[in-house]
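Asks: The following block contains a protein sequence and its predicted model.
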Amino acid sequence: MALQAIGTHGWEARPVQSKASVSLATGVLTATQVLDLAAQAAAAVEDAQGWVRPLERDANRLRLVVRDLTRDDNEAVLHFDVEVDRAVGRVTARTVIQSFVLKQSAVSALVPVTKRKIAGFTAYRSFMQRYAAMIGDADPGAHVSYSGD
């Protein structure tokens, strides 16, 4: 059995991992290029436990999903977005986890929710690292930071 959390309500009950994100600011790349690099980074993730795929895209957002290869049901275990904002002379972007499934163990009733692990998180972390590297390659002057990792 897996717990599922959706939306932004109840942050205090969410695992610390659910707040993990990568943020960036670039003065060289356009919003379209930033989202293109996110899609390319998703395709480049090679994780033994899961894979990342784009779902839908609009001008300011790319929705992505992580499927856990260790599960029989092939359901998505993590949904996240890359959100882009435009300002004069720069583009900023960040990843935001929208929903997730928690891994359960035999003693999970004794483990506080904040200590539980998000299913597919290693694939998400691989995506963040790959995405940051691709942004850095495309714009060496870009500012990239991580939080909650």
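Replies: Good, I have the coordinates. Note that the coordinates shown come from a computational prediction; the quantities given were computed from them, not determined experimentally.
Asks: what about the helices in the chain?
Replies: Counting by DSSP state H, the chain has these helices, from start to end: 31-44, 121-138.
Asks: okay, those helices in CSV with mean neighbour count, mean pLDDT and distance to Val82 next?
Replies: In this view, the C-beta of every residue, glycine as well, is placed from N, C-alpha and C. As requested, those are exported to CSV (neighbours: other Cβ atoms under 10 Å; pLDDT from 0 to 100; distance: least, Cβ to Cβ, whole Å):
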stretch, mean neighbour count, mean pLDDT, distance to Val82
helix 31-44, 19, 96, 4
helix 121-138, 20, 94, 8
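Asks: would you turn these into CSV with distance to Leu55?
Replies: As requested, these are exported to CSV (distance: least, Cβ to Cβ, whole Å):
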stretch, distance to Leu55
helix 31-44, 10
helix 121-138, 14
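Asks: So which of the ones you listed is nearest Leu62?
Replies: Nearest to Leu62 among the helices of the chain is helix 31-44; the distance by Cβ to Cβ comes to 4.9 Å.
Asks: Identify the residues contacting the closest one?
Replies: Helix 31-44 has contacts (Cβ atoms under 8 Å, 6 or more residues apart in numbering) with 24, 26, 29, 52-54, 57, 59-62, 64, 82, 84, 86, 91, 93, 127, 130-131, 134-135, 138.
Asks: where does this protein dip in pLDDT?
Replies: Within the chain, the ranges that satisfy pLDDT under 70 run 1-14, 104-116, 149.
Asks: Would you check that Arg90 makes contact with Leu29?
Replies: No. With contact defined as Cβ atoms under 8 Å, Arg90 does not count as touching Leu29 (9.2 Å).
Asks: For Arg71, find the nearest of the helices of the chain.
Replies: Relative to Arg71, the nearest member of those by Cβ to Cβ is helix 121-138, separated by 12.4 Å.
Asks: Show me which positions of stretch 62-71 end up buried.
Replies: For stretch 62-71, the neighbour count (16 or more other Cβ atoms under 10 Å) marks Leu62, Leu64, Val65, Val66, Arg67, Asp68, Arg71 as buried.
Asks: Oops, could you answer that again for stretch 21-30 instead?
Replies: For stretch 21-30, the neighbour count (16+ other Cβ under 10 Å) marks Ser21, Val22, Ser23, Leu24, Ala25, Thr26, Leu29 as buried.
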